[in-house]
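Enquirer: Coordinates for the following, if possible.
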Amino acid sequence: MKKKKNVNPRAVAVPKQAAKPNPFELKGSKRKFDVLGKRDKEGKKNVIHSREEAVNKRKKTLLVEYKQLRKANTFIDRRFGEDDPRLNEEDKALARFQAQRIRDAKKSTRFSLQDSSAAAAAAA
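Expert: Now for the predicted structure:
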């Protein structure tokens, strides 16, 4: 036979009441004067609850967009000669080397103080 557990009569589940909001978390507004034709917006607003809702809404929309920003599904190989199947590895390497040399030459001659005719003669 099983032994009966001692159950405290006060420990019986009591339905939970709705939690009363903290009065310091509520924001109230009260008009000083009644004006005809004005809509009455009196009442207490739960600021904490509104703020939580706004944060959750931002997490669902803006955070998702921010995480997807600058993401792509594919990798695009933009190396020189990589998209040309006719070139072998040596030709691709040579073409890349030539393109790099051209870029370096443009950078070095940008602020050169020599005459253009003297620079052309030195390059030839």
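Enquirer: Can you give me the neighbour number for E82?
Expert: E82 has 13 neighbours, counted by other Cβ atoms under 10 Å. Using the backbone N, CA and C atoms, a C-beta is placed for each residue, glycine as well.
Enquirer: which SS class is it?
Expert: Look at E82: counting by DSSP: H, G, I helix; E, B strand; the rest coil, its state is coil.
Enquirer: Return the residues in contact with it.
Expert: K92 (Cβ atoms under 8 Å, 6 or more residues apart in numbering).
Enquirer: Could you measure from K59 over to Y66?
Expert: Going from K59 to Y66 by Cβ to Cβ, to the nearest Å gives 10 Å.
Enquirer: in the chain, which helix or strand is least confident?
Expert: Counting by mean pLDDT, DSSP states H and E, the chain has its least confident helix or strand at helix 116-123, which shows a mean of 60.
Enquirer: Need phi/psi at the residue nearest the centre of the chain.
Expert: Taking Cα atoms, centre = their mean as the criterion, Y66 is the residue nearest the geometric centre of the chain, at 2.3 Å. The phi/psi pair for Y66 (degrees, to the nearest 10) reads phi -70, psi -40.
Enquirer: ok, now S29?
Expert: Backbone torsions for S29, taken as degrees, to the nearest 10, come to phi -140, psi 140.
Enquirer: Also K107?
Expert: Main-chain dihedrals, K107, degrees, to the nearest 10: phi -70, psi -40.
Enquirer: List the contacts of the helix or strand F97 falls within.
Expert: Assigned by DSSP states H and E, F97 falls within helix 89-109. For helix 89-109, the external contacting residues (Cβ under 8 Å, 6+ apart) are R79, F80, G81, E82, D84, L87, A119.
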